[in-house]
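*Asks:* generate a structure from the sequence data that follows.
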Amino acid sequence: MAEAQVPNIKQVIVMRHDLKMRRGKQIAQGAHASMSFLTRKLQSKSSICMDDFTPNEQTWIMGSFAKVCVRCNSEEELMAIHDKAIEMGLAVHLITDSGRTEFHGQPTRTCLAIGPDDASKIDPVTGHLELL
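*Replies:* Numbers count the residues shown, from 1 in each chain. The predicted structure follows:
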């Protein structure tokens, strides 16, 4: 009897490397992107339950919360990745920093999170990027 294949579910966080953010700022921005997957659902509803998530999202929540952090080199590249992920039907959460502590008061797109979803769907969008 064949073993059941466990899906490879992950979330990928794409961080702009050109901004030269302090390490703590990068971590905070990446956390915003990752948590946005949950907080946006909570903001649109007063409460959420497991039925509000896709099967792949449920697997991720109940499993290891696998995350991969990669980097891109410009806002243009970040937005191209964003657009390709949307085109591929993936959930994407783009983070724009308010600019209060860095970026001279200018709102700045810093990173995005894709998924969680099956790695085979995300890898064509982000597989070419270097690890952060």
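*Asks:* longest strand in the protein, by residue count?
*Replies:* Using DSSP state E to define each element, the chain has its longest strand at strand 108-118.
*Asks:* can you list the strands that it pairs with?
*Replies:* Under the criterion DSSP bridges, strand 108-118 sits next to strand 9-16 (antiparallel), strand 92-97 (antiparallel) in its sheet.
*Asks:* which SSE is immediately downstream of that strand?
*Replies:* helix 119-126 (DSSP states H and E).
*Asks:* any idea how far the longest strand of the chain is from the middle of the chain?
*Replies:* Relative to its chain's centre, strand 108-118 lies at 2 Å (C-alpha atoms, centre = their mean, to the nearest Å).
*Asks:* now do that strand and helix 119-126, the angle between them.
*Replies:* If you take axes from the mean of the first three to the mean of the last three C-alpha atoms, to 10 degrees, strand 108-118 sits at 150 degrees to helix 119-126.
*Asks:* quick one: average confidence on strand 108-118?
*Replies:* Averaging the model's pLDDT scores along strand 108-118 yields 97.
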